[in-house]
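1. Okay, structure incoming, though there's no sequence with it:
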């Protein structure tokens, strides 16, 4: 019997109104929360959203005000990193689909989902809806992995394009293309022709390639050791974490894939874990362990759970395959979720040791005022 966690308190996150196009239904930051990270011992909160809410994609910065986070500042992402497509489409730049944030060595790392998407039916006619369901797109802005310097300000840590010798930089190689020949993941990132002769890929929410979660640690020979959790594909019940070693490239704003170690010249390795059929939704470092928030790969209501991969950050070399087993990979607890709402999407450890969890599609009971939302706080059960 899995332990069901129950939140013992909530924390308010108060966001500013959007300043995007004049939509029929204006977008709100609280509706698309997908990633969390803290700085300044919890006084500063950075939030990733998976849609473009204002005119341009942003990272949200909030400050602790005593009983919650507020004083929201949207930080425009392409002030720091280069977007593949910075042009406006219907009043907005296409989304980055931020799915992971991680702080390492005074940098905030950010990763987009790298996933393609299938259009939703709009219920205008059967023919139009089927045509939309047949349409798959890959927004190039989603293929983003980079780091931004954290710098001090009067209000706490914020982001800067450069801070002395520390500069914003991003991976210049396309990770999807790097993986094309991989025997496990290649079929899920390669393109194929549909009936209309268009090149498409398997969408993330159809069990295609979809990054959700990042942890960054100091790596070999000055590199950064980057762990990326994959929501999909889940293969016969097995989920995957990619491990990369990123190092500075030929220009100050470039990162490239380097060797994983002195005796390991490979550019990436795969850690395959049995999470009881679930995909990875977020990652968190915990000493040498890795905490994993896992949930359904597809768009559906289903079990959401936290797992602990014991010693996962201390694996010396080689690909790994880890089954659920005491002392190796353990189920910590399940989290509550709603029906077509309140799906746990991102989590982090608070300075108190508790876990803060944010939800996709928050329920009305979770909303606070016009633009705020309550996140749940859990005491993590002992393993």
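-> Yes, it's here. The shown structure was predicted, so the numbers you read here are calculated from the model rather than taken from an experiment.
2. and the nearest residue to residue 353 once chain neighbours are set aside, helix, strand or coil?
-> Leaving aside its sequence neighbours, residue 353 sits nearest to residue 380 (CB to CB, 6 or more residues apart in numbering; 7.3 Å). Yep, even glycine has a C-beta here, placed from its N, CA and C like the rest. State at residue 380, reduced to three classes by DSSP: H, G, I helix; E, B strand; the rest coil: coil.
3. Surely residue 380 touches residue 350?
-> No - using CB atoms under 8 Å, residue 380 is not in contact with residue 350, being 10.3 Å away.
4. ok, now which ones touch the residue positioned nearest the centre of the chain?
-> Taking CA atoms, centre = their mean, the centroid of the chain lies closest to residue 99, which sits 2.0 Å from it. Neighbour list for residue 99: 34-35, 48, 50, 111-113, 210-214, 231 [criterion: CB atoms under 8 Å, 6 or more residues apart in numbering].
5. Partner strands of the helix or strand that it is a member of, with direction?
-> Assigned by DSSP states H and E, residue 99 belongs to strand 98-104. Partners of strand 98-104 in the sheet, by DSSP bridges, are strand 107-112 (antiparallel).
6. immediately after the partner strand, which helix or strand?
-> Where DSSP H and E defines the elements, the next helix or strand beyond strand 107-112 is strand 117-118.
7. residues making contact with the helix or strand following that next one?
-> Downstream of strand 117-118, the next assigned helix or strand under DSSP H and E is helix 126-133. With CB under 8 Å, 6+ apart as the test, helix 126-133 has contacts from 118-123.
8. Could you tell me how far helix 126-133 lies from the centre of the chain?
-> Relative to the chain's own centre, helix 126-133 is displaced by 30 Å; criterion: CA atoms, centre = their mean, to the nearest Å.
9. OK, contacts around the closest residue to residue 379 other than its chain neighbours?
-> Counting by CB to CB, 6+ apart, residue 379 lies nearest to residue 354, which is 5.7 Å off, once chain neighbours are set aside. Contact analysis of residue 354 by CB under 8 Å, 6+ apart lists 377-380.
10. Mind telling me what element residue 333 is part of?
-> strand 329-335.
11. Give the buried residues for that strand.
-> Under the neighbour-count criterion of 16 or more other CB atoms under 10 Å, strand 329-335 has 329, 331-335 buried.
12. The longest strand along the chain - contacts with which helices or strands?
-> Ranked by number of residues, the top strand in the chain under DSSP state E is strand 238-248. Counting by 3 or more CB pairs under 8 Å, 6 or more residues apart in numbering; DSSP states H and E, the packing neighbours recorded for strand 238-248 are strand 224-232, strand 254-257, strand 268-274, strand 279-286.
13. hey, what's residue 88 bridged with?
-> For residue 88, the beta-bridge partners under DSSP bridges are residue 93.
14. That one against residue 55, yeah?
-> Yes - if you go by CB under 8 Å, residue 88 and residue 55 touch, sitting 7.1 Å apart.
15. Might you report the residue contacts of the residue lying closest to residue 41 once chain neighbours are set aside?
-> Distances taken as CB to CB, 6+ apart place residue 351 nearest to residue 41, at 5.4 Å, with adjacent residues excluded. Residue 351 makes contact with 38, 41-42 under the criterion CB under 8 Å, 6+ apart.
16. The nearest residue to residue 256 once chain neighbours are set aside and residue 104, how far apart?
-> Nearest residue to residue 256 in three dimensions, chain neighbours excluded: residue 249, at 4.2 Å (CB to CB, 6+ apart). Residue 249 sits 18 Å away from residue 104, going by CB to CB, to the nearest Å.
17. can you confirm the residue nearest to residue 41 is in a strand?
-> No - counting by three-state DSSP, residue 351 is not found in a strand; it is coil.
18. quick one: the closest residue to residue 90 other than its chain neighbours and residue 112, what's the gap?
-> Spatial nearest neighbour of residue 90, excluding adjacent residues (CB to CB, 6+ apart): residue 21 at 7.0 Å. Relative to residue 112, residue 21 is positioned 22 Å away (CB to CB).
19. Those two: which is more packed in?
-> A count of neighbours by other CB atoms under 10 Å puts residue 112 above the other of residue 21 and residue 112, at 26 against 14.
20. Enumerate every residue touching the residue nearest to residue 320 when sequence neighbours are not counted.
-> Closest residue in space to residue 320, ignoring its immediate chain neighbours: residue 271 at 4.7 Å, by CB to CB, 6+ apart. Residues near residue 271 by CB under 8 Å, 6+ apart: 227, 240-243, 309, 312, 315, 319-320, 322.
21. Test my guess that residue 313 contacts residue 283.
-> No - Residue 313 is beyond contact range of residue 283, at 10.1 Å (criterion: CB under 8 Å).
22. Give me the common contacts of the two.
-> 215, 227, 290.
23. So the first one lies in a helix, does it not?
-> No - with three-state DSSP as the criterion, residue 215 is strand rather than part of a helix.
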